[in-house]
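J.: Requesting a structural model of the entry that follows:
(chains A and B)
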Amino acid sequence: MILDAFGKACPMPLVMAKKELDAGCTDLGVQVDNETAVKNLKRLGDKSGLAVSVDEIEGGWLVSFSGGAAGDAPASAVPNAAPTSQCGPGGCGYAVFVGKDHVGEGDPQLGYNLMKMALYTLSEGEQVPASVLFMNGGVKLVAGEETPVVESVRKLQERGSEVLVCGTCLDFYGLKDELRVGDVSNMYDILGRMHEAAKVISL
Amino acid sequence: MEPERYYVAAFDSTHRALGAAALLDEGHVAYLTIPTPREISAGCGIALRCRTPELEALRAAVEAEGPFGDGASLWEVVGRDYERLA
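T.: Numbers count the residues shown, from 1 in each chain, chains lettered A, B, ... in the order given. Model prediction:
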C-alpha cells in the first residue's frame, strides 16, 4: 500500500503510517515531502521492528516499511532501551521532560542557570535517564546559536540516553535547521517514552 | 589516558556567580554552569567550569565582579585533584 502524504505537515504522515501499521499492514510505502517526516517514519519503523528504506522520488521521498509484524519489536530494536535491571512494574528507567528553558519560577536568569546545572549534573550522574525529552521553550536549549547545554546533552547521549526534540516546537521558534543535538521527534514518540519509563522527572 | 584538566570558579554569592556567567555569555565564551563540586567549600551552589583556552576569560569575568579571595576562588582540577589558583 502506498500512502500519499505530500503537503501534509508533521505529524500527519506519521499518524497515517501508524494507523496502517497498527491495523496489521507490514508492507507499506509513504510518500512525503519533508525530511522531518522521513526521520519520524524511519524511527517508527525501527521501533516497530520493520525494515525501513528511503528512496528519493520526484518532489520528495518514499519511505517503505517491510517485513516483521508491527508491534512485535524486540527489546533491542528500541534505541537506548533502559537495562532490564532498571525496570519496575511501571516501566523501565526514567525519562526527563524539559518543557522550558529554565527551572522553576522566579528570576529568569537564575532559572536558566539552574537548568544548565541540572542537565550537567544529570550527565555526570551514576544512572542516566533512558530518555531526555525537549518540548516548547525547552528546545531553545539544544537548538540555535546559544546552546549552553549541548555538551551535557551530548554526554547523556554517549552514555545511552535517547534525546528527542519536538519538531513542531523547533518549527514554531524558527529553529528547525539549527538543532545541535538530539533527534527531531513528535508527540507520539515523546509521550511513548514517558509511558515506557518507570517515572518521569519534569524540570 | 591523561586525566581531564579543567578550571572551576566558585563563589560565595549567587549574584556574583550569575554576574560572571552573564559576562561570559556576552563574550560568547565556552563554559559550563555546574553545581559547586563537593571538594570546594563555597557559599554558593553555582560554579563555572571551563577548559584551558578559556581560563583567562573566566578569570577576567570573575574579577570584573570583585577580586579573588573576597568571595570567589579559582581552581585547577586534574582528575580528582583540586588545586587552588586564586
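
J.: Can you tell me which residues in chain A are near chain B?
T.: Contacts of chain A with chain B, taken as CB under 8 Å from any CB of the partner chain, map to A:109-110, A:113, A:116-117, A:120-121, A:146, A:148, A:151-152. The C-beta positions use only the backbone N, C-alpha and C, and glycine is treated the same way.

J.: redo that, cut-off 10 Å
T.: A:107, A:109-110, A:112-121, A:123-124, A:145-146, A:148-149, A:151-152 (CB under 10 Å from any CB of the partner chain).

J.: Now do the phi/psi pair for the residue of chain A most remote from its centre.
T.: Here chain A reaches farthest from its C-alpha mean at A:Asp107, the gap being 29.8 Å by CA atoms, centre = their mean. In terms of degrees, to the nearest 10, the main-chain angles of A:Asp107 are phi -70, psi 120.

J.: Name the SS class of the residue of chain B most remote from its centre, please.
T.: No residue in chain B sits farther from the centre than B:Met1, which is 24.7 Å out by CA atoms, centre = their mean. The three-state assignment at B:Met1 reads coil, by DSSP: H, G, I helix; E, B strand; the rest coil.

J.: Enumerate every residue touching B:Gly66.
T.: B:11-13, B:16, B:19-20, B:72 (CB atoms under 10 Å, 6 or more residues apart in numbering or on different chains).

J.: Would you map the helices across chain B?
T.: B:14-26, B:55-64 (DSSP state H).

J.: can you tell which of the ones you listed is closest to chain A?
T.: Closest approach to chain A among these is made by helix B:14-26 (5.5 Å; CB to the nearest CB).

J.: which is the next helix or strand following the least confident helix or strand in chain A by mean pLDDT?
T.: Within chain A, confidence by mean pLDDT, DSSP states H and E is lowest for strand A:87-88 among all helices and strands, at a mean of 72. Downstream of strand A:87-88, the next assigned helix or strand under DSSP states H and E is strand A:91-92.

J.: Packing partners of that next one?
T.: helix A:187-196 (3 or more CB pairs under 10 Å, 6 or more residues apart in numbering or on different chains; DSSP states H and E).

J.: Quick check: buried residues in the helix it packs on?
T.: Neighbour-count burial for helix A:187-196, counted by 16 or more other CB atoms under 10 Å in any protein chain shown, picks out A:188-190, A:192-194, A:196.

J.: Now chain B against chain A: closest residue?
T.: B:Thr33 (4.0 Å).

J.: any idea of the pLDDT on that residue?
T.: With respect to pLDDT, B:Thr33 scores 93.

J.: Next one: B:Glu76, what pLDDT does it get?
T.: At B:Glu76, pLDDT is 97.

J.: picking up where we left off before, let's have the helices of chain B in a markdown table, adding distance to B:Asp81.
T.: Converted to a markdown table, the helices of chain B look like this (distance: least, CB to CB, whole Å):
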| stretch | distance to B:Asp81 |
| --- | --- |
| helix B:14-26 | 23 |
| helix B:55-64 | 17 |
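
J.: Of all those helices, which one is nearest B:Gly43?
T.: helix B:14-26 (8.6 Å; CB to CB).

J.: hmm, back to that, please pick the buried ones from the residues of chain A next to chain B.
T.: A:109-110, A:112-120, A:123, A:148-149, A:151-152.

J.: Tell me which of those has the lowest pLDDT.
T.: Among those, A:Pro148 carries the lowest pLDDT, at 71.

J.: Can you list the low-confidence ranges for chain A?
T.: The model of chain A has pLDDT under 70 over residues A:10-11, A:68-86, A:146.

J.: give me every residue that touches the residue farthest from the centre of chain A.
T.: A:Asp107 sits next to A:113-114, B:14-15, B:18 when contact means CB under 10 Å, 6+ apart.

J.: Around chain A, pick out the residues from chain B.
T.: B:14-15, B:17-19, B:21-22, B:24-25, B:28, B:30-36, B:45-49.

J.: go with 7 Å
T.: Listed as neighbours of chain A in chain B under the rule CB under 7 Å from any CB of the partner chain: B:14, B:18, B:21, B:32-35, B:46.

J.: Now, of these, which are buried?
T.: B:14, B:18, B:21, B:32-34, B:46.
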